[in-house]
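Student: Predicted model and sequence below, questions to follow.
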Amino acid sequence: MNRRVSASLRLVVWTFAIGATAWVWWTSAEKSAERPLPDGVMVVRDLTYREDAGRRRTLDLYLPVKTGAKPRPAILAIHGGSWVGGSKREYGPQFARFAQHGFVVAVVDYQLARPGEASWNGALDDVAHAVDWLADPARTYRIDPQRITTIGSSAGGLLAAHLARDDLRPLDSSRPGRRIQATVCLSTPTSLAALASNRDLKHDPVRDLVGDDPLGFHDRAVDASPLSHVAPGWRPILLIHGTDDLWVPVNQAREMRDSCARLGVSHRLIEIAGARHGFELQVEAPSRRDLLPEILGFLNQSDLPVDPR
């Protein structure tokens, strides 16, 4: 009986935490709604990029309507939602704009945390599989496998940052662990142990991601933190963060910038004065600013590295 009560209490606490997280995300983010596609863009929905233990992982592919002979660069876009929510449908429309500039854009769903089921590092392995799916020459979408980049917002930015690592090894030995060209991280947590400690919440989404068992929590949080893995050989990284972010303080981005600078990783930090957590590419508050040209400038640099495979 006590076990049942304990399990019920855990479920209630978890449900409350999800509701609180969703409220923060909803009220602070300029959340994208389902809206018409940009001109010159088409979408192919719910393509399966991975099947594992009976679970199907899917992505939506946004494509330029106009086709040409040359292979096209691709972007893997990873949604936010505190590792327990969000979806490709909610985030897809804002990232679809890249397709107007010749990119194939894959907006991906991945393993989310559930009560008693942490998603680290299964979520990371999911999005890494998605990179391999995009690079597979058997696909019919004419993607250049040497020109794949990632972009992620908030929780998705953490996963995107990990894909820039030089030492990332796949859980699945059959997966090659392909490298990306570069990554873009918006409103991204980079040090989870510090984040959980500084927020001092009764139930922090960080614990949903890595597990709530106090034994080993700190070590798991450190392992899931991009800041812990910065090293020479990382792919270039663009960090974009609001200075008035109360959910993930801007210092998280600044510490990541400083670590990249010390270790010789190509990087840039764009701070958006007064912006809160979860802004879209088209920032609306405190003043309007379109981030797309700046991100395109970063992704179109001629000196970005390529994967020779």
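Tutor: Sure, I can see it.
Student: which stretches of the stretch 101-250 of the chain aren't confidently modelled?
Tutor: Along the stretch 101-250 of the chain, segments meeting pLDDT under 70 span 170-178.
Student: can you give me the strands in it?
Tutor: Along the stretch 101-250 of the chain, counting by DSSP state E, counting those that start in this stretch, strands occupy 104-108, 143-153, 183-186, 237-242.
Student: Put together CSV for these, with distance to residue 120 and mean neighbour count on each row.
Tutor: Placement of C-beta: from N, CA and C, glycine included. As requested, the strands of the stretch 101-250 of the chain are arranged in CSV below (distance: least, CB to CB, whole Å; neighbours: other CB atoms under 10 Å):
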stretch, distance to residue 120, mean neighbour count
strand 104-108, 17, 28
strand 143-153, 15, 24
strand 183-186, 17, 29
strand 237-242, 20, 25
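Student: Throw those into a markdown table and include distance to residue 254, thanks.
Tutor: Formatted as a markdown table, the strands of the stretch 101-250 of the chain follow (distance: least, CB to CB, whole Å):
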| stretch | distance to residue 254 |
| --- | --- |
| strand 104-108 | 28 |
| strand 143-153 | 18 |
| strand 183-186 | 13 |
| strand 237-242 | 8 |
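Student: Among the ones you listed, which comes closest to residue 125?
Tutor: strand 104-108 (12.3 Å; CB to CB).
Student: Name the nearest residue to the residue most central in space within the chain, sequence neighbours excluded.
Tutor: Using CA atoms, centre = their mean, the residue of the chain that lies closest to the mean C-alpha position is residue 156, 2.1 Å off. Once flanking residues are discounted, residue 156 sits nearest to residue 78: 3.4 Å by CB to CB, 6 or more residues apart in numbering.
Student: With residue 271 instead?
Tutor: residue 243 (5.5 Å).
Student: Check residue 147 too.
Tutor: Distances taken as CB to CB, 6+ apart put residue 73 closest to residue 147, at 3.9 Å, once the chain neighbours are dropped.
Student: So that neighbour: helix, strand or coil?
Tutor: For residue 73, the assignment made with DSSP: H, G, I helix; E, B strand; the rest coil gives strand.
Student: Let me see the ranges of the helices in the stretch 1-150 of the chain.
Tutor: Using DSSP state H, counting those that start in this stretch, the helices of the stretch 1-150 of the chain run over 2-28, 88-95, 122-135.
Student: If you average pLDDT over each of those helices, which is lowest?
Tutor: Lowest mean pLDDT within the helices of the stretch 1-150 of the chain: helix 2-28, a mean of 46.
Student: State the phi and psi torsions of residue 224.
Tutor: phi -80, psi 0 (degrees, to the nearest 10).
Student: still on that earlier bit, show me what contacts the residue nearest to residue 271?
Tutor: 250, 271-275 (CB atoms under 8 Å, 6 or more residues apart in numbering).
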